[in-house]
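1. Predicted model, plus sequence, below.
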Amino acid sequence: MALSAPHSETLAAPQPAESRAPASLEEQKHAFLRLVTHELRTPLNSILGFSEIISAELYGPLGAPQYKEYAEIIRGSGQRLLQLVNQVLEIGRLQGLRLDLRPEPVEPLLEEAIAGLGEAFAARRLRSRIIADAPKVAVLADAWGLRTVLTHLIQNAATFSPPGGEVRARILTQGDVVDLYIEDDGEGVEPAELPRLVQPFERGPRAAELRPDGSGLGLTICDLTCNAMGARLSLRSPPGRGLSARVRLQAAP
């Protein structure tokens, strides 16, 4: 896929702290999210723990095989709900957040994100490739934030790549800007649908089929995390040529 050269788009500088009144409202929102999350996690941990004990038949056989099957369904549903709770809390935490930025090497974080998704790549017989126009490129970023963004984008690319396809990570530099591209060979998305994909709980046309346990929050978290780092996320999908996600960051001095 041909990539356009970076242009003169500027990156947002971290904003000054908000006034005392909005900060108070923000604190109240975060306190509410923490409370709700705690109240949900406590019973969910019990559901997960006891369903695992039952499905493993630790205290003896259950009798009818359906009981074990039902316990495994309960456990899987509980894990999905816990993941959703964690993602909703993460979105609330990221809104308006500004992360501390330090020089971070890009390729090691890419390699780490790809290695962490080894099972997903193996299941679909996918290949991965990192293409860099300069060795040892570093950007101004938060290590946790950039790792989170790359993991979500690479997981998304792996989900929508055809079996036996390739997920590519490209690193392009121009002056003080570094563009990271994550590309797949899937069917792509209609251009009119792209802005919708970063909205909470919005999913592509085949998302439910290819990843039924997904929540539609991955790209939302990517977008908010990029904003917290003063970076920019953009999506591009030429018809029938897969999806290309670009993260534009400031080059480390």
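-> Alright, I've got the coordinates. Residues are numbered from 1 along each chain as shown.
2. okay, how far is it across stretch 50-65, tip to tip?
-> 17 Å (CA to CA, to the nearest Å).
3. And the contacts of it?
-> Residues outside stretch 50-65 that contact it (CB atoms under 8 Å, 6 or more residues apart in numbering): 67-68, 71-72, 74-75, 78. No exception for glycine: its C-beta is placed from N, CA and C like everyone else's.
4. could you pull out the strands for the protein?
-> Ranges of strands in the chain, per DSSP state E, are 102-105, 127-132, 138-141, 166-174, 177-183, 232-236, 244-250.
5. thinking again about what came up before, which of the contacts of stretch 50-65 are buried?
-> 68, 71, 74-75, 78 (16 or more other CB atoms under 10 Å).
6. Looking at the residues you listed, which one is closest to Ala120?
-> Nearest to Ala120 among the buried ones among the contacts of stretch 50-65, counting by CB to CB, is Arg75 at 20.5 Å.
7. what's the burial count for the residue nearest to the closest one when sequence neighbours are not counted?
-> Closest residue in space to Arg75, ignoring its immediate chain neighbours: Ser51 at 3.9 Å, by CB to CB, 6 or more residues apart in numbering. By other CB atoms under 10 Å, the residues close to Ser51 number 20.
8. Quick check: which ranges of the stretch 151-253 of the chain have low pLDDT?
-> 203-215 (pLDDT under 70).
9. ok so, going back, among the strands of the chain, which comes closest to Gly216?
-> strand 232-236 (14.3 Å).
10. Show me what the closest one pairs with in its sheet, parallel or antiparallel.
-> Its sheet considered, strand 232-236 pairs with strand 244-250 (antiparallel) by DSSP bridges.
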